[in-house]
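# Any chance you could fold what I've pasted below:
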Amino acid sequence: MLTLDFKQDCNMKIMYLDGDFDLDAEEVLDKALAGKDESRYDGLIWNFQNVRSISSSGIAILFNAYMDVKKKGVITKLTNVDDAVLDILSVHKILQAFDIHPTEDAALKQVRLDLATIKSSNSKRLFERINVDLAASFKLFRKGRESATCKSHNATATTLSKCGLFLKTHASFPSDTPLEINLSLHSDKPEPEVTFLAKVAWVAGKDCHPEFFPGIALSILNITTAEKLKLMSFLDAHGG
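So this is what the prediction gives:
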């Protein structure tokens, strides 16, 4: 049986799920979400930390509820999803339908970034980007998996800011795919200098983005304080 508990975080709600996500989850979700006044919150985080299984019926229920929340104009994210649940969503080819983040803090941060972007009247960038020419490597982020199981790709960072970067690469991933990034902040040093987690914001197309093709734009999801200080020091030194 699935149970829900809610916590308010400023203008956002965090929904803690506990139990099996199966056919009985539909009634639980309908009652809980129908009783929430969407005008009082802008973001909804689904915390899956205590959900260890999801049935085929549960997948359909999750998808429909998730999309209903989005249709109401609420920014919604999933977080702390167990590997077993991720695998089931992947097998059913529905994983990419959800915006999934590794931690609650990362999900909250992304909601705030999304809200700031939406509220920006002229879609200005949150932070000034600078042009760079830095070596980078990246690979898929899979929670709880050995890094050796994921192929590493080499790339070149051509723009960089406090919240994202653009990588020149022929590798392509769907939007919102989480990636582990290693970025060298010195062109004369090949070894990675900064490591962080990012997600694909958009992919440059040959026809629609010829000036950027080939490459991917990324937004930073999670970065440690030490790594963030390195990045900010570099940007400050180069006018970012």
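# Just the buried positions in the helix or strand of the chain with the lowest mean pLDDT, please.
Taking mean pLDDT, DSSP states H and E as the measure, helix 104-119 is the helix or strand of the chain with the lowest mean score, a mean of 82. Along helix 104-119, the positions that meet the burial threshold by neighbour count (16 or more other C-beta atoms under 10 Å) are Glu104, Ala106, Ala107, Leu108, Lys109, Gln110, Val111, Arg112, Leu113, Asp114. (Each C-beta comes from the backbone N, C-alpha and C, glycine too.)
# hang on, isn't the fifth one packed against Leu221?
Yes - here Lys109 lies in contact with Leu221, judged by C-beta atoms under 8 Å, at a distance of 7.2 Å.
# what's the least confident helix or strand of the chain in contact with?
The list of residues contacting helix 104-119 from outside it, by C-beta atoms under 8 Å, 6 or more residues apart in numbering, reads 9, 11-12, 14, 42-43, 45, 47, 75, 77-80, 99, 101, 123, 126, 163, 197, 199, 219, 221-222.
# Render the CA-only coordinates of stretch 16-36 in CSV, please.
The C-alpha trace of stretch 16-36 is given here as CSV (Å, rounded to 0.1, in the frame of the first residue of the first chain):
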residue,chain,number,x,y,z
TYR,A,16,7.1,11.7,0.3
LEU,A,17,6.0,8.4,-1.0
ASP,A,18,6.2,5.2,1.1
GLY,A,19,5.3,1.7,0.0
ASP,A,20,4.5,-0.2,-3.2
PHE,A,21,3.5,1.8,-6.3
ASP,A,22,0.7,-0.4,-7.7
LEU,A,23,-2.9,-0.3,-8.7
ASP,A,24,-4.0,1.0,-5.3
ALA,A,25,-1.8,4.1,-5.8
GLU,A,26,-4.3,5.7,-8.1
GLU,A,27,-6.9,6.4,-5.4
VAL,A,28,-4.3,7.6,-3.0
LEU,A,29,-2.8,10.0,-5.5
ASP,A,30,-6.2,11.2,-6.8
LYS,A,31,-7.3,12.1,-3.2
ALA,A,32,-4.0,13.8,-2.3
LEU,A,33,-3.4,15.8,-5.4
ALA,A,34,-7.0,16.8,-5.8
GLY,A,35,-6.9,18.2,-2.3
LYS,A,36,-3.9,20.4,-3.1
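# Use 24 as the first number from now on
Right, with 24 as the first residue, what we last looked at is stretch 39-59.
# got the buried residues for it?
Burial within stretch 39-59, assessed by neighbour count using 16+ other C-beta under 10 Å, is assigned to 39-40, 42-45, 47-49, 51-52, 55-56, 59.
# which one among those residues gets closest to Val92?
Leu56 (6.8 Å; C-beta to C-beta).
# So the closest one versus Lys94, what's the distance?
With the distance defined as C-beta to C-beta, to the nearest Å, Leu56 ends up 12 Å from Lys94.
# same check, this time on Met24
Here the criterion is C-beta to C-beta. By it, Met24 lies 27 Å from Lys94.
# can I see the domain layout of the chain?
Described in terms of automatic domain parsing, the domain architecture of the chain consists of the residue ranges 26-142, 153-260.
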